[in-house]
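In: fold the stuff below for me.
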Amino acid sequence: MVDPILAFNVAHPGFKALFARTDMPAGLADAALPVQTALPARVEAMIAARAPRRPAAERSRTALVGIRIFQAMVPLVVAAEGAERAAMTRELKRALHGYLSDTIG
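Out: A predicted model of the protein is given here:
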């Protein structure tokens with residue numbers, strides 16, 4: 001999942017800036033709401049598929065933290081080029097794996 005999302009962010013560098021702004025005009029904020037609402041639910045569903053016995057609140061929290069880890073790393077990956085971008089991508093995957101391994105095995 002990481003690679004296609006990063007590729008999208010590299011190809012569309014304004015996407016993150018647009019959807020991460022806290023001062024967006026109401027029309028743009030309304031347009032971003034479906035994505036901001038759907039993302040945690042979809043990640044939580046993927047976690048539930050791998051860890052169905054975990055309490056829903058824990059799955060939800062894990063999804064939110066995983067998303068924030070990803071969001072924090074995207075600017076670093078996008079700003080890097082060539083071998084450094086590949087290295088930063090590996091670091092992102094390592095961070096996510098380390099965080100999620102306790103929950104989803």
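In: hmm, who's touching stretch 97-105?
Out: 47, 50, 51, 54, 58, 59, 62, 65, 66, 69 (Cβ atoms under 8 Å, 6 or more residues apart in numbering). (C-beta placed from N, C-alpha, C; glycine too.)
In: residue 73: how many residues sit nearby?
Out: Close neighbours of residue 73, defined as other Cβ atoms under 10 Å, add up to 19.
In: re the thing from before, now, the contacts of stretch 97-105 that are in helices?
Out: 47, 50, 58, 59, 62, 65, 66, 69 (DSSP state H).
In: give me the low-pLDDT residue ranges for the protein?
Out: 17-22 (pLDDT under 70).
In: show me where it has its strands.
Out: Counting by DSSP state E, the chain forms no strands at all.
In: ok, back up a step: dump the ones in helices among the contacts of stretch 97-105 into JSON lines; add distance to residue 26 and neighbour count as well.
Out: Formatted as JSON lines, those follow (distance: Cβ to Cβ, whole Å; neighbours: other Cβ atoms under 10 Å):
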{"residue": "47", "distance to residue 26": "32", "neighbour count": "21"}
{"residue": "50", "distance to residue 26": "38", "neighbour count": "12"}
{"residue": "58", "distance to residue 26": "34", "neighbour count": "13"}
{"residue": "59", "distance to residue 26": "32", "neighbour count": "21"}
{"residue": "62", "distance to residue 26": "31", "neighbour count": "20"}
{"residue": "65", "distance to residue 26": "29", "neighbour count": "13"}
{"residue": "66", "distance to residue 26": "29", "neighbour count": "21"}
{"residue": "69", "distance to residue 26": "29", "neighbour count": "15"}
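In: residue 10: which of these is nearest?
Out: residue 69 (18.3 Å; Cβ to Cβ).
In: distance-wise, check the closest one relative to residue 31.
Out: As judged by Cβ to Cβ, to the nearest Å, residue 69 and residue 31 stand 25 Å apart.
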